[in-house]
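Visitor: Give me coordinates for this.
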Amino acid sequence: MEAREQRPARWAPWWVYVIALVVTNQLRIQWLQPEDLATWLEVALGVTAMALVAAAVTAIWRAARR
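Guide: Okay, the predicted model is just below:
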């Protein structure tokens, strides 16, 4: 039986993403006051922020695991 080489995980654990997204969402809501924004702009900012946070968490995770 061959021993497999273990590679570092490409993705952070799910809970790291959840914590980062919840914290950044709360900060975004406090700073931008969503009631002053159009709904479409609020949604666009939220989706963009989530994508950027997920990309940052993944990049940091991969850099830390090298």
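Visitor: Off-centre distance for the helix or strand Gln26 falls within?
Guide: Element membership for Gln26, per DSSP states H and E: helix 14-32. Here helix 14-32 is found 8 Å from its chain centre; the criterion is Cα atoms, centre = their mean, to the nearest Å.
Visitor: Check which helices and strands that helix sits against.
Guide: Helices and strands touching helix 14-32, as assessed by 3 or more Cβ pairs under 8 Å, 6 or more residues apart in numbering; DSSP states H and E, comprise helix 39-64. Yep, even glycine has a C-beta here, placed from its N, CA and C like the rest.
Visitor: Pull up the gap between Trp11 and Thr58, please.
Guide: 6 Å (Cβ to Cβ, to the nearest Å).
Visitor: again, but for Leu21
Guide: Separation of Leu21 from Thr58 (Cβ to Cβ) stands at 12 Å.
Visitor: Count the residues that sit near Thr24.
Guide: Neighbour count for Thr24, taken as other Cβ atoms under 10 Å: 16.
Visitor: Verify the stated contact: Trp11 with Arg65.
Guide: No - using Cβ atoms under 8 Å as the test, Trp11 is too far from Arg65 to be in contact (10.4 Å).
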